[in-house]
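> pasting the structure only:
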């Protein structure tokens, strides 16, 4: 499948590439993140802080989200920040903390990799590698993670069309790695009351065009802590295979994205609500 | 309250006008559409064809959506079309058909009014007047419907911010008419795989800022018949007070928007699914 | 030509309607605004305040812009404002002031009409009727001005595609009035440092697709007084047939849009600069 | 200057970082590209093919653009393509061809680098390193080129605000390299008749906020060969310090972006027109 068939699939008005296409592989792909299966009947909940800031912050948050039902732990060690003067993450020290708390809790780890030269390092610690929005079209990075056999969490770029998003995933699959989870995380529009506009229609669209699992990030999608629960519930109702959310044991003190992080109680309450929605759409959250 | 307090309400980063503001009136407004109460515990379903095309088309569709559980009938008699050469609606003849089927089914009628000179005419037949997206900032029209005592269904403009949307509603309330339902129907973005981008985050935002009921139009919001059910379910989960959807007895033959209209069976199936989601969020659909 | 040929003209990827199309009428249309010819070799400068506020404000501004070389006077009497509590214009009193200063200066008048019921009234005073951005798809209004024989200044909607813009003009031409000037005035994008994003590529695109004259409004297009001269020069270089600019004798005291209005000295300086650019592109400004 | 002063500079409504700020360094920065000075009185013209395809294609194009007045040669050896199945560039072989034709013509070379691991290799051949739109927020890459002493051509991301664009440049300056040229190349909007919307207002905005030179890319900004001349002229009129344009000796046969490439005759004609505009705004093109 070395060429792009440019097939006008499913009447959506654009061509999609081949390896990610449901026309080529009708069955859902199940991505196995160290034992947690994404893309099957269960809805996967990924939670944790924006950035790893300290042992206490990470460990207290991780223990709490596990109790509430999170299945995978998120936490950034290398942070892509708009300003060079913002906190850039703890680096390898953060990765070590992440692997320590995995050993204790059993939660698989997802963390971002920004640099093709760090894929090997991050891969030593992480169970899943995240490609952030700003790097969705960073092709050398996509090729590098495509050469690993790690699951990849690929976030949609802020102004990426559905077609470009699928083509970015194609770069990874084309290297032989089909363990890719797509993540809708909000697009940039004229509206300024929310940080981004969470495009939930991307979920049914991506599920129709591709066999890859699709999850939603309501934290970046809204930028508003109080709005995360409503959008998380909508994401489950619309058919997402999972959610990734920022949770912090003390959001007011967070070094990064505290304004959009749930606290531990809010997360626990939300998990209860999400289980009801999941049942209503014939899915489940353990 | 003759002046705009420009209060920075609720930390959303913009001022909102006074009469629509929840800071001025904390309790939810209930809009009474000829006996159908919108904004209370029940989720309201408005269904019907894009445009009234014939007696058979309207009556067969209306009877079927009533059986499936629709509470209000929609149908356009005056149609705002991008091209002057597209079907412009049946005019008063369409209004007469709408009132005939109301007499038979008991379903209240909502239909669009585009011209301040036609507000009186349309008001003779309709139970609720719709202001379409293209007219959200048509101030003479907003003032004219504000002087009636009819409920108003105000659709968000394709390019309107949340603030502008609320200010448009303020024009109506400022004339003494507080029976306004806000409708999110998709905004215009760079994404082209859907007709518009349905901004479901507008629902919790509007509910937080204003006491007015908020409903969602997944038909115009997606432009894709197959995607309507998923987005309708998400709208209920996110907290909408109702839905307005295009349903047609023969979508393939519709003169307007057939590609985004559900057929009668799809609508019936969807109603069953929506009832489950409503229960999961503590609401109900009768 | 009662039907839309939907001809895929000029390889721009969309259909355009017929009466506005250059494929139907290859020669440029010249719009005659009470003796001022737009669409020919000369570049037309329209200047004046956002709103008519007082006799002194209007007359002092009008006399000065005439001396500097403006050919048409702008000034709003009926103002479409986002908030019902903002200054809404002086109404007919403003129109009377406009016609008084026309009698003195000889400058033709352009002013906005927002309501189909006021077309006759405004037409009694104005030489050209302006349809504002918010009303670009107000079809009853377009039809009403189409039935006059006045020149019409049609502003592009903030989120109107080129195709929708041409279709709106088609509504006017379809009523028998071909004296239409198209005006690019900025579109809404994610960028917030300017009020709108002035889409200068609309000028060559519209000129290629249509025979109608095209002018540019750098005042609304930028919302920034200091940026108006740069964008005005670019508009002339790109091929616009004219400019419409907000000029106020005391911008700091303006009731409307003072932040984007040039003062009298800035306007005079700009006129000198524009004449040089006009010559460089083979046009002239008198 | 290790911290961000977040100064609300020049009333544009956002903070800008420090090293790129005109508030910190009022005088224009002149970027020296192997003897070609950008940011001074002269307007710099960069021309050449999208991608290096063959010796004949590159050499014939380069010789012709030099005769017409181009001062710097562009040509991609490593190409970031949306699809993994599109032509990805000739790699080092392309770089060798570029340096050969530089030896013959004396034209300095600008070419894109996509991968931090290739900065050293590309730097061996190129006089200026280009960071493409998709990599504007690729921070490891920005840091890597910031550690060189090569001039950097930084293109604005398709979804980047002016503030984010300046913050990206700050990453480079913060590594000690102040030889940065900013390039506006079109942003993504709802409009589909052009490939992107060329935001010419970015030029005066960036010049006001920053001391860095600003150039414009009308080829990517429009995606339409016939529209490039009009937008190039507008860019000079608006105050750009230069232009970068795609020129191909046989656009119909180009492997990449032929639809937006000028042919050799069109480029020569355009250069003549640009010189007139440059004079009209008090600049010059040699």
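Everything's here; your move. Everything numeric in this text was worked out from a predicted model, so none of it was measured.
> can you count the residues close to the residue of the stretch 151-286 of chain A found nearest chain D?
Of all residues in the stretch 151-286 of chain A, residue A:159 sits closest to chain D, at 3.3 Å by CB to the nearest CB. Glycine gets a C-beta too; all of them are placed from N, C-alpha and C. Counted with other CB atoms under 10 Å in any protein chain shown, residues neighbouring residue A:159 total 22.
> verify the stated contact: it with residue D:156.
No: with contacts counted by CB atoms under 8 Å, residue A:159 stays clear of residue D:156, the gap being 11.9 Å.
> what residues does residue A:55 make contact with?
A:97, A:100 (CB atoms under 8 Å, 6 or more residues apart in numbering or on different chains).
> need the pLDDT of it.
Note on residue A:55: pLDDT of 97.
> ok, now residue A:165?
pLDDT at residue A:165 comes out at 97.
> what sits against the nearest residue to it once chain neighbours are set aside?
Closest residue to residue A:165 apart from its sequence neighbours, by CB to CB, 6 or more residues apart in numbering or on different chains: residue A:156 at 4.9 Å. If you count contacts by CB under 8 Å, 6+ apart, residue A:156 has them with A:133, A:136, A:165, A:182-185, A:187, A:202.
> make it 7 Å
By CB atoms under 7 Å, 6 or more residues apart in numbering or on different chains, the contact set of residue A:156 is A:133, A:136, A:165, A:183-185, A:202.
> name the residues of the stretch 151-286 of chain A found near chain D, please.
A:158-159, A:164, A:167, A:170-171, A:174, A:188 (CB under 7 Å from any CB of the partner chain).
> which of those residues sit farthest apart?
Pairwise distances across those peak at 27.4 Å for A:174 and A:188 (criterion: CB to CB).
> which one of the two is surrounded by more residues?
Using other CB under 10 Å, the more surrounded residue of residue A:174 and residue A:188 is residue A:188, with 24 against 21.
> for that one, what are phi and psi?
Per-residue torsions, residue A:188: phi -90, psi 130 (degrees, to the nearest 10).
> I'd assumed residue D:157 was in contact with it.
No: with contact defined as CB atoms under 7 Å, residue A:188 does not count as touching residue D:157 (10.3 Å).
> okay, strands next: where are they in chain A?
For chain A, the strands defined by DSSP state E cover A:7-8, A:15-16, A:31-33, A:36-38, A:44-48, A:72-74, A:109-112, A:128-131, A:152-155, A:180-184, A:214-216, A:242-246.
> chain center to the fourth one: distance?
Between the centre of strand A:36-38 and the centre of its chain there are 13 Å (CA atoms, centre = their mean, to the nearest Å).
> what's that strand packed up against?
Contact analysis of strand A:36-38 by 3 or more CB pairs under 7 Å, 6 or more residues apart in numbering or on different chains; DSSP states H and E lists no helix or strand as a packing neighbour.
> which other residues reach it?
Under the criterion CB under 7 Å, 6+ apart, residues A:30-31, A:44, A:71-72, A:108, A:181, A:213, A:241-242 lie in contact with strand A:36-38.
> buried among those residues? Make that a PyMOL selection.
The following PyMOL line selects those of the contacts of strand A:36-38 that are buried, judged by 16 or more other CB atoms under 10 Å in any protein chain shown:
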select buried, chain A and resi 31+44+71+72+108+181+213+241+242
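> tally of neighbours for residue A:35?
Residue A:35 has 9 nearby residues by other CB under 10 Å.
> enumerate every residue touching residue A:206.
A:162, A:182, A:214.
> swap in residue A:162?
When contacts are counted by CB under 7 Å, 6+ apart, residue A:162 touches A:202, A:205-206, B:191, B:193.
> which one (most neighbours) among those?
These, ranked by neighbours (other CB under 10 Å): first place residue A:202, 28 neighbours.
> hmm, back to that, of the residues of the stretch 151-286 of chain A next to chain D, the lowest pLDDT goes to which?
Among these, residue A:159 has the weakest pLDDT, 92.
> ignoring the adjacent residues along the chain, who's closest to it?
Closest to residue A:159 by CB to CB, 6+ apart is residue D:159, at 3.3 Å.
> go ahead and confirm the one you found touches residue A:164.
No: counting by CB under 7 Å, residue D:159 stays clear of residue A:164, with 11.4 Å between them.
> which neighbours do the two share?
Between them, residue D:159 and residue A:164 share no contacting residue under CB under 7 Å, 6+ apart.
> wait, what's in contact with the closest residue to residue A:134 other than its chain neighbours?
Excluding the flanking residues, the one nearest residue A:134 by CB to CB, 6+ apart is residue D:137, at 3.9 Å. By CB under 7 Å, 6+ apart, the contact set of residue D:137 is A:80, A:134, D:157, D:168.
> hmm, try it at 8 Å
The neighbours of residue D:137, taking CB under 8 Å, 6+ apart as the test, are A:80, A:82, A:134-135, D:157, D:160, D:164, D:168.
> run through the residues of chain A sitting next to chain C.
Residues of chain A lying close to chain C by CB under 8 Å from any CB of the partner chain are A:159, A:188-190, A:192.
> beta-bridge partners for residue A:37, please?
residue A:32 (DSSP bridges).
> how near is it to residue C:250?
70 Å (CB to CB, to the nearest Å).
> now do residue A:277
Taking CB to CB, one finds residue A:277 at 59 Å from residue C:250.
> neighbour count: the two, which is higher?
More crowded of residue A:277 and residue C:250, by other CB under 10 Å: residue A:277, with 25 against 16.
> and the gap between that one and residue B:239?
To residue B:239, residue A:277 is 12 Å away according to CB to CB.
> overlap in contacts, these two.
residue B:281.
> what are the phi and psi values at the residue nearest to residue A:139 when sequence neighbours are not counted?
Leaving aside its chain neighbours, residue A:139 sits nearest to residue D:80 (5.5 Å; criterion: CB to CB, 6+ apart). Dihedral pair for residue D:80: phi -80, psi 110, per degrees, to the nearest 10.
> tally of neighbours for residue D:80?
Neighbours of residue D:80 under the rule other CB under 10 Å: 19.
> same deal with residue A:117?
If you count neighbours by other CB under 10 Å, residue A:117 ends up with 16.
> returning to that earlier point: got the phi and psi for the residue of the stretch 151-286 of chain A closest to chain D?
Residue torsions, per degrees, to the nearest 10, at residue A:159 are phi -130, psi 30.
> number of residues surrounding residue A:149?
Counted with other CB under 10 Å, the neighbours of residue A:149 add up to 10.
> now the phi/psi pair for it, please.
In terms of degrees, to the nearest 10, the main-chain angles of residue A:149 are phi -120, psi 30.
> mind checking if stretch A:184-195 is in reach of chain B?
Yes: contact of stretch A:184-195 with chain B (CB under 8 Å from any CB) involves A:187, A:189-194.
> can you lay out the strands of chain A as CSV showing mean pLDDT?
Listed next are the strands of chain A as CSV, based on pLDDT from 0 to 100:
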stretch, mean pLDDT
strand A:7-8, 34
strand A:15-16, 70
strand A:31-33, 98
strand A:36-38, 98
strand A:44-48, 98
strand A:72-74, 98
strand A:109-112, 98
strand A:128-131, 98
strand A:152-155, 98
strand A:180-184, 98
strand A:214-216, 98
strand A:242-246, 98
